[in-house]
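**Q** Can you look at this prediction? I've put the sequence above it.
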Amino acid sequence: MKRTLLFMALASLGACAVGPDFQAPHPALPQSWQSAVQPGSTLVGKNDSQWWQQLGDPQLTALVERAANANFDVRTANNRLEQSRLMRKVTGSTQLPGISANGAYKRARNSAVGVLDESDLEGKAPFELWSSAIDASWEVDLWGHVRRSVEAADAEVELTGAQRDGVLLSISAETATDYIRLRGVQARLAVARQNLEIARQSYQLTKTRFDNGVTTNLDTANSAAQVATIEAVLPVLGAQQDRLINALSLLLGEAPRSLHGELIEPKAIPNPAPDVPVGLPSELAQRRPDIQQSEAALHRATAAIGVAKADFYPRISLGASIGSQALDGSNFGNWSSREWSYGPNFYLPIFQGGRLTGMLELRKRQEQEAAINYQQTVLGAWHEVDNAMNDYAAEKQHYTRLEEAVHQNTIALTTARDRYRQGAVDFINVLGVQRALLATQSDLVDSATQAALDRVQLYRALGGGWPKG
């Protein structure tokens, strides 16, 4: 009874754990976002976890969801998360008693002049030895060495989970980016083909006027050069289109040109709603995977200090064994063949040559580094959000002005062509207006593409991603 009470008292000491307890940091973020938002756009609501649906393109949504399941980087990140969970399971097993069973049989003959002869036959004859045992052991976690190790393993699971979420966010944003660029290139192809048709009509007009002696060969040459210039753009844009389709195929883990059939048909550039659901700055730390990863790394480093401190203190484990041993198989298992033992094992580090002190100081320095990295990550995230909001607002304004420029250039081209037919202006005027229209139309497509890309970057900066799972 005294021994039992002693062991229980020792076990009760395991309630304490040396080392600092982790306190979740509270990043210094503003109460609200400040940005030069375009009039008509508002900062509302909580950031949608499946932000790509806000872009209003079902095909894009399908591609993002397919990439989340098939992308090689995502699959690798999922595998690493499972590895960390299994390692947590291994580490956590040290909190429970370990029980094992063993058995052995041997036939042997000892030396007649040896030191030990367990058979008492003096080496005159061979003998048999039968044995079996059930062993149990459990470390009394007096100073929290095991619990701090488990705490560090839990933090590692959180860290790899945040890394997985970061990969998902990156792949979904990259898929949306390539898709938007693809639709932008296809829109530029459509603009080029439309202008090519206008240029060919202008060429026919100048050729007819030249044949009738109304104009010179200069107008014909200029119009033919304009046709050739636009035709030269088409193969370049076509190559860009194929490259972007292949980029999407790679993100989905598929062979080149495997998505050609479903993506070659042009579609409109995704045009998101003007409202920007950014949520509150205080929510950024819960949404951004890199901030969550930095916090988990800080937690892991803090727990590691506790492990290093616990190494300075005694470690006690309780062990017990019960089994049977016999020199004759017929006696094996009889009550008289039983054997047992129990008692504590004690370990105390006395001289380690500075290893324990050095390890503790190393863990403290690593925690300091993790804290600095956390602060840097939060500040970098704040900058990314602010820049992304400004870029998106500026591009929306840019797009609005370009729409007006295209409208006016279209009117100008129609007017110039009519006056050219009437002989009121030279063809050089028509050519200049046509080039201006082509340039502003291309700029408008680029601006629409960039606005959608800036929207993706804003969601990415805000930490939009998949629901936790």
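**A** Nice, thanks for sending it over. Residues are numbered from 1 along each chain as shown.

**Q** shaky segments in the stretch 351-469 of the chain?
**A** 465-469 (pLDDT under 70).

**Q** what's the answer for the stretch 1-150 of the chain, then?
**A** 1-15, 35-49, 113-115, 117-119, 121-124.

**Q** would you list every one of the helices in it?
**A** 2-12, 58-70, 72-92, 145-211 (DSSP state H, counting those that start in this stretch).

**Q** could you check the angle helix 72-92 makes with the longest one?
**A** Looking back up the chat, that one is helix 145-211. 180 degrees (axes from the mean of the first three to the mean of the last three C-alpha atoms, to 10 degrees).

**Q** CSV for the helices of the stretch 1-150 of the chain, including mean neighbour count and distance to residue 308?
**A** For the C-beta atoms, the positions are set from N, CA and C on the backbone; glycine is no exception. Below are those laid out as CSV (neighbours: other C-beta atoms under 10 Å; distance: least, C-beta to C-beta, whole Å):
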stretch, mean neighbour count, distance to residue 308
helix 2-12, 11, 22
helix 58-70, 17, 39
helix 72-92, 15, 16
helix 145-211, 20, 9
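
**Q** Of these, give the one that comes closest to residue 379.
**A** The closest of the helices of the stretch 1-150 of the chain to residue 379 is helix 145-211. By C-beta to C-beta, the value is 17.6 Å.

**Q** Tell me the helix or strand right after the closest one.
**A** Helices and strands here follow DSSP states H and E; after helix 145-211, the next one along the chain is helix 217-251.

**Q** for the helices of the stretch 1-150 of the chain, which one sits closest to residue 269?
**A** So among the helices of the stretch 1-150 of the chain, helix 145-211 is nearest, using C-beta to C-beta, at 4.6 Å.

**Q** Pull the distance from stretch 23-36 to the chain's centre.
**A** Centroid separation for stretch 23-36 versus its chain: 22 Å, with C-alpha atoms, centre = their mean, to the nearest Å.

**Q** Excluding its own residues, what touches it? List them.
**A** Contacts with stretch 23-36, where a contact means C-beta atoms under 8 Å, 6 or more residues apart in numbering, come from 43, 278, 280-282, 284-285, 291, 295, 298, 371, 374-375, 378, 382, 385-386, 389-390, 393-394.

**Q** and what of stretch 252-270?
**A** 55-57, 59-60, 63, 66-67, 70-72, 175, 179-180, 182-184, 186-187, 189-190, 241-242, 245-246, 248-250, 445, 448-449, 452.

**Q** try stretch 199-211
**A** Stretch 199-211 is touched from outside by 215-217, 219-220, 222-224, 226-227, 230, 417, 420-421, 427, 430-431, 434, with contacts defined as C-beta under 8 Å, 6+ apart.

**Q** State the mean pLDDT of that stretch.
**A** Taken as a whole, stretch 199-211 has a mean pLDDT of 87.

**Q** And for stretch 242-258?
**A** Per-residue pLDDT values across stretch 242-258 average out to 96.

**Q** buried sites along it?
**A** For stretch 242-258, burial by neighbour count (16 or more other C-beta atoms under 10 Å) applies to 244-253, 258.

**Q** Among those, which one lies nearest to residue 98?
**A** The nearest one, if we look at the buried residues of stretch 242-258 relative to residue 98 and count by C-beta to C-beta, is residue 253, at 42.3 Å.

**Q** Now the closest one. Nearest residue, chain neighbours left out?
**A** Excluding the flanking residues, the one nearest residue 253 by C-beta to C-beta, 6 or more residues apart in numbering is residue 70, at 4.2 Å.

**Q** Counting neighbours, which of the contacts of stretch 199-211 end up buried?
**A** By 16+ other C-beta under 10 Å, the contacts of stretch 199-211 give 215, 219-220, 222-224, 226-227, 230, 417, 420, 427, 430-431, 434 as buried.

**Q** farthest-separated two in those?
**A** 215 and 230 (21.1 Å).

**Q** what's the spacing between the residue nearest to residue 253 and residue 247?
**A** Distance, residue 70 to residue 247, by C-beta to C-beta, to the nearest Å: 14 Å.

**Q** Can you name every helix or strand that the longest strand belonging to the chain contacts?
**A** In the chain, taking DSSP state E as the definition, the longest strand is strand 127-140. When contacts are defined as 3 or more C-beta pairs under 8 Å, 6 or more residues apart in numbering; DSSP states H and E, strand 127-140 packs onto helix 2-12, strand 98-108, strand 315-326.

**Q** Now residue 107: closest residue in space that isn't a chain neighbour?
**A** For residue 107, the spatially nearest residue (C-beta to C-beta, 6+ apart) is residue 128, at 5.1 Å.

**Q** burial of that neighbour, as a residue count?
**A** 14 (other C-beta atoms under 10 Å).
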